[in-house]
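> For reference, the sequence and a predicted model appear below.
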Amino acid sequence: MIYFNKIKKAQRQHHSVKNLWRYAVNCNEQHSIKVATAIIEFAILHHAHCIVFEHLNTDGKKHRSKKQKLAMWRKNYIQNIVAHKAHSNGIRISHVNAWNTSKLAFDGTGKVVRDDKNYSMCKFAGGKLYHCDLNASYNIGARYFIREILKTLPVRVRSQVETKVSLLAKRTQCTLSTLISMNAALSGEIPSMA
């Protein structure tokens, strides 16, 4: 952020900012490489078979091209590096729909409310505070497992499970609690779920 402020100040004073932009982009690229490397090292350390990303849509572009480059924090670049390193280590890559992963509470209580003072925290409908990224991670992982489990089920069993757990019909509403309900329905522990 310090570099962006320097760039803004230099632009206001009508100075050449090519070198500042080059430095900011290079810093951003180095940061992306470090993040991707950390993801792969974590996956290898924990013997992961698959790394799951949100499918992030980047269609909505900002008006200034250089602002766009830096505002996107190079998530596609990070995902490309991770995919390359993952495949060379025998780890699969999967993407899930990003809709509502951060907005919905993983415990199934509905939408979360972001904290005004600390935007990384959110409040569930029940009143408990939780970290937004951890909440979203639970939902991303749950959507991956829901999709993979439903793929393996015969059509008749799948339709029975979807009847018992109605949220399975709307993939953008699936959370960790949906996965737990689906698992219970498959085990035959519950007669029906809403």
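All right, it came through fine.
> remind me, longest helix of the chain?
helix 18-45 (DSSP state H).
> Show the backbone phi and psi for the closest residue to residue 104 other than its chain neighbours.
What sits nearest to residue 104 in space, not counting adjacent residues and going by C-beta to C-beta, 6 or more residues apart in numbering, is residue 175, at 5.2 Å. Using the backbone N, CA and C atoms, a C-beta is placed for each residue, glycine as well. Torsion angles at residue 175 (phi, psi; degrees, to the nearest 10) stand at phi -130, psi -180.
> Can you give me the pLDDT of residue 175?
Per-residue pLDDT puts residue 175 at 92.
> Can you get me a residue count around it?
24 (other C-beta atoms under 10 Å).
> residues contacting it?
104, 105, 106, 107, 108, 138, 139, 142, 167 (C-beta atoms under 8 Å, 6 or more residues apart in numbering).
> Can you list the buried residues in the longest helix of the chain?
Neighbour-count burial for helix 18-45 flags 20, 21, 24, 28, 32, 35, 36, 39, 40, 43 (criterion: 16 or more other C-beta atoms under 10 Å).
> okay, the residues you listed in a markdown table with pLDDT next?
Formatted as a markdown table, these follow (pLDDT from 0 to 100):
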| residue | pLDDT |
| --- | --- |
| 20 | 75 |
| 21 | 76 |
| 24 | 77 |
| 28 | 83 |
| 32 | 89 |
| 35 | 93 |
| 36 | 94 |
| 39 | 95 |
| 40 | 96 |
| 43 | 96 |
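> JSON lines please, covering these and showing distance to residue 162.
Shown next, in JSON lines, are the buried residues of helix 18-45 (distance: C-beta to C-beta, whole Å):
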{"residue": "20", "distance to residue 162": "54"}
{"residue": "21", "distance to residue 162": "51"}
{"residue": "24", "distance to residue 162": "49"}
{"residue": "28", "distance to residue 162": "43"}
{"residue": "32", "distance to residue 162": "39"}
{"residue": "35", "distance to residue 162": "37"}
{"residue": "36", "distance to residue 162": "37"}
{"residue": "39", "distance to residue 162": "33"}
{"residue": "40", "distance to residue 162": "36"}
{"residue": "43", "distance to residue 162": "31"}
